[in-house]
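Student: please find the sequence and the predicted model below.
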Amino acid sequence: MIYSLRGKILKKTIDSVVIDCAGVGYSCRSSLNTLAACEAVGAEQTLLTHMHVTENAVELFGFADEQEKSCFEMLISVSGVGPKGALAVLSSLSPQTFALSVAAEDVAAFKGIKGVGAKTASRIILELKDKLKKQSGDLGNLADFIPKSSTQAKNSNASEAVAALCVLGFSQTEAVHAVSGLPSDQSAQDMIKSALKSLSSIK
């Protein structure tokens, strides 16, 4: 399994990037967000990868960071969502926005994404929320981890932030620890951003 690629960018298209690694050009299909984060042709680039194998093809998908790769792999685990649909979602939503949308059960966030209708969006949220609960336990008990002085609004925002961080691939313990000390007036989106900074510095 190819975990990552590093080399010079040979070519960029609207949906892929080709990286030269020791004389071999690897074509990686990528989201618009990853393509925007890539360097110019001729520059060095590192991409995390996912190899997708079917009866008819072997494809590499490239990602700018662990969070997008984690979201992609969760998306393709949903029944009826393939790599093309997963890239469409991640081309429209950042990993943080996608994770928060799942945590908050926000079907409207997926509106307008090509190939993802209301039914597919609902299925993504339903299956990933269920998967999240199985992996991370009951998030309804999150209030037990938050300081008693915190407001009810913070508990709600913190619950969404923790759930979103778990979607991004962090354990519930890591997510709760990163969120519990944040200011009570932060939105769930801001909590995710702050928590990602602290988690990134630890890793």
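Tutor: Everything's here; your move. Since this is a predicted model, take the numbers as computed values, not measurements.

Student: flag the shaky bits of the protein, pLDDT-wise.
Tutor: Counting by pLDDT under 70, the ranges of the chain that qualify are 133-155, 202-203.

Student: domains in it, by residue range?
Tutor: The record's domain parsing of the chain by automatic domain parsing lists 4-63, 66-136, 139-202.

Student: can I get the ones you listed in JSON lines including mean neighbour count?
Tutor: All C-beta atoms are positioned from the backbone trio N, CA, C, and that covers glycine. Formatted as JSON lines, the domains of the chain follow (neighbours: other CB atoms under 10 Å):
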{"stretch": "domain 4-63", "mean neighbour count": "15"}
{"stretch": "domain 66-136", "mean neighbour count": "18"}
{"stretch": "domain 139-202", "mean neighbour count": "18"}
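
Student: and the longest helix for this structure?
Tutor: The longest helix of the chain (DSSP state H) is helix 118-136.

Student: quick one, the following helix or strand past that helix and helix 118-136 angle?
Tutor: Following helix 118-136 in sequence order, the next helix or strand is helix 152-167 (DSSP states H and E). Orientation check (axes from the mean of the first three to the mean of the last three CA atoms, to 10 degrees): helix 152-167 against helix 118-136 gives 90 degrees.

Student: from the contact counts, what lies against helix 152-167?
Tutor: Applying 3 or more CB pairs under 8 Å, 6 or more residues apart in numbering; DSSP states H and E, we find helix 152-167 packed against helix 66-75, helix 95-103, helix 118-136, helix 172-180, helix 188-202.

Student: repeat that for 7 Å
Tutor: The contact analysis (3 or more CB pairs under 7 Å, 6 or more residues apart in numbering; DSSP states H and E) places helix 152-167 against helix 95-103, helix 118-136, helix 172-180, helix 188-202.

Student: closest one to L60 among those?
Tutor: Ranking the helices and strands packed on helix 152-167 by distance to L60, with CB to CB as the measure, places helix 95-103 first at 19.1 Å.

Student: pretty sure V81 contacts E73?
Tutor: No. Applying CB atoms under 7 Å, one finds V81 not in contact with E73, separated by 11.2 Å.

Student: residues in contact with the strand or helix carrying A88?
Tutor: Using DSSP H and E, A88 maps to helix 83-92. Residues from elsewhere that reach helix 83-92 (CB atoms under 7 Å, 6 or more residues apart in numbering): 29, 31-33, 52, 59, 61, 68, 71-72, 75-76, 98, 113-116.

Student: run the angle between it and helix 118-136 for me.
Tutor: Computed by the same axes, to 10 degrees, the angle separating helix 83-92 from helix 118-136 equals 90 degrees.

Student: can I get helix 83-92 as PDB, trimmed to CA atoms?
Tutor: What follows is helix 83-92, C-alpha atoms only, in PDB (Å, rounded to 0.1, in the frame of the first residue of the first chain):
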ATOM      1  CA  PRO A  83     -14.500   8.000  -4.800                       C
ATOM      2  CA  LYS A  84     -16.000  10.400  -7.300                       C
ATOM      3  CA  GLY A  85     -18.700  11.500  -4.900                       C
ATOM      4  CA  ALA A  86     -16.300  11.700  -2.000                       C
ATOM      5  CA  LEU A  87     -14.000  14.100  -4.000                       C
ATOM      6  CA  ALA A  88     -17.000  16.200  -5.000                       C
ATOM      7  CA  VAL A  89     -17.900  16.600  -1.300                       C
ATOM      8  CA  LEU A  90     -14.400  17.500  -0.300                       C
ATOM      9  CA  SER A  91     -14.000  19.900  -3.300                       C
ATOM     10  CA  SER A  92     -17.000  21.800  -1.900                       C
END
